[in-house]
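Q: Kindly return the folded structure for what I paste below:
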Amino acid sequence: MNANFSQADLTGAYLYQASFSLANFQQADLRWGDLRQADLMKSDLSRANLRGAKLNEANLRESHLQETNLSKANINEADFQWANLNRADLSNVQALGTNFMAASFTGTCVENWLIDNRTQFGSTSCRYVYVENGQSGRYPKTGNFPLGEFAKLLTNTRVAAI
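A: Okay, the predicted model is just below:
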């Protein structure tokens with residue numbers, strides 16, 4: 001589609017089942033928007049504000065979400081395979097049954113996120129995460145996760161937060 005919504009104010013927009021693959025949403029404001037089942041594959045949502053958005057069953061494969069605010073969003077059963085979530089805010093999100101296979105998580109905040117045994121993390125890339133907002137509570141405290149350790153930790157524990 002290649003649509004350009006960079007820096008657009010789409011607060012509360014109803015985009016249910018919309019098709020925006022390859023779209024530019026850099027720094028767009030999509031707070032509390034309804035993007036359920038939307039196709040955002042390969043879209044650039046870097047530094048966008050998706051706080052409280054409904055992204056249930058949305059396709060975000062290969063999307064760029066670095067430094068994106070997804071706090072309090074509902075991303076149940078969404079597809080984030082190969083997505084770049086580095087330094088994103090995933091605090092207080094619902095990610096039940098979400099596909100994060102091969103996604104990148106370095107520097108992401110995962111405070112109080114909700115995952116379950118259907119949430120997939122295989123082959124994820126992550127050196128460290130934050131377990132508190134404001135880039136606080138770095139985990140691990142020093143160094144980086146060994147290769148594959150982040151996915152293994154989440155797959156084995158299925159905790160709401162690390």
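
Q: CA only for contacts and neighbour counts going forward, please
A: OK.

Q: what number of residues lie near the closest residue to Ala13 other than its chain neighbours?
A: The shortest distance from Ala13 to any residue that is not its chain neighbour, by CA to CA, 6 or more residues apart in numbering, is 4.7 Å, and that residue is Gly33. Each residue near Gly33 was counted by other CA atoms under 10 Å, and the total is 21.

Q: Which neighbouring residues are in contact with Gly33, exactly?
A: Going by CA atoms under 8 Å, 6 or more residues apart in numbering, Gly33 touches 10-15, 50, 52-54.

Q: Among those, name the buried ones.
A: Buried by 16 or more other CA atoms under 10 Å: 10-12, 15, 50, 52-54, out of these.

Q: Is it correct that Lys72 is in contact with Asp89?
A: No. Counting by CA atoms under 8 Å, Lys72 does not reach Asp89; the two are 9.3 Å apart.

Q: So between the two, which is more surrounded?
A: In this comparison of Lys72 against Asp89, neighbours counted by other CA under 10 Å, the higher total goes to Asp89 at 30 against 21.

Q: quick one: the helices in the protein?
A: Assignment of helices within the chain using DSSP state H yields the ranges 149-157.

Q: ok, the contacts of Gly33 vs Pro146, which is closest?
A: Looking at those and their distance to Pro146, the nearest is Leu50, at 30.4 Å (CA to CA).
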